[in-house]
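[1] here is a sequence together with a model predicted from it:
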Amino acid sequence: MKKIATQFAASVRILAVAMVIANTLCAVGANADTPGTQGSLAEQELRAVEAQLAQALSAVDVGQLSRLWADDFVSTMVDGHVVSREKRLASLRGQKPDPASSLIGTNERVDVRVYGDCAVVLVTSSWVSNGKRVGDPYQATHVWAKQEGRWRLVTAHISEIHQ
């Protein structure tokens, strides 16, 4: 129990630091878009990269994920442990995608909030096989930053939605 509490505390600290960083990035570029502006170019770009992210995760496309994830990407996984970009990519490299698999990650809802050169995106997604949901859906909070002219995922926090 103490180990879980320690991991939870570490996850909370890392998420707090990530949010401070995201807030700082947002403050720097806050004049580009109005938060939540529907149909803005940035929102369209972010919806597109979220779709690319879902596709890359479904296909276990490590090359595409490495392009989408920032160099300092960090993720808090469903079980609360925190994973760096390199550790997550290494883990995925060990997986062999099954070409016969019909398991696909789908985004059911994508809510975008743009703050200049950064954005917070809330994504509800599920794994689907042959048109039917497999397991419970997930809720992710993604923080994106525009770096060198393209959106890159800086941090993610993923929670399972128990139904």
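    Thanks, I have the structure now.
[2] so what touches the helix or strand hosting residue 89?
    Applying DSSP states H and E as the criterion places residue 89 in helix 85-93. Here helix 85-93 makes contact (CB atoms under 8 Å, 6 or more residues apart in numbering) with 60, 62, 65-66, 69-75, 83. Backbone N, C-alpha and C define where each C-beta goes, glycine included.
[3] among those residues, which are in helices?
    62, 65-66 (DSSP state H).
[4] neighbour-wise, which of the residues you listed leads?
    residue 65 (20 neighbours; other CB atoms under 10 Å).
[5] so where do the helices sit in this protein?
    Counting by DSSP H, the segments of the chain that form helices are 2-28, 41-59, 62-68, 85-93.
[6] pLDDT weak spots in the protein?
    Low-confidence segments of the chain, defined by pLDDT under 70: 1-39, 96-98, 100.
[7] now do the closest residue to residue 104 other than its chain neighbours against residue 147, distance only.
    Leaving out its chain neighbours, the residue that sits closest to residue 104 by CB to CB, 6 or more residues apart in numbering is residue 58, at 4.8 Å. To residue 147, residue 58 is 24 Å away according to CB to CB, to the nearest Å.
[8] what packs against the longest strand seen in the chain?
    Taking residue count as the measure and DSSP state E as the definition, the longest strand of the chain comes out as strand 132-147. Packing contacts for strand 132-147, counted by 3 or more CB pairs under 8 Å, 6 or more residues apart in numbering; DSSP states H and E, involve helix 2-28, helix 41-59, strand 118-129, strand 150-160.
[9] so what's residue 105 up against?
    When contacts are counted by CB under 8 Å, 6+ apart, residue 105 is found next to 54-55, 57-58, 125-128.
[10] repeat the analysis, applying 7 Å as the threshold.
    When contacts are counted by CB atoms under 7 Å, 6 or more residues apart in numbering, residue 105 is found next to 54, 57-58, 125, 127.
[11] gap between the nearest residue to residue 125 once chain neighbours are set aside and residue 59?
    If you skip the residues right next to it in sequence, residue 125 has residue 107 as its closest partner in space, 4.9 Å away by CB to CB, 6+ apart. Applying CB to CB, the value for residue 107 to residue 59 is 15 Å.
[12] cool, residue 156 as well?
    Summarising the geometry, the distance separating residue 156 from residue 59, computed by CB to CB, is 18 Å.
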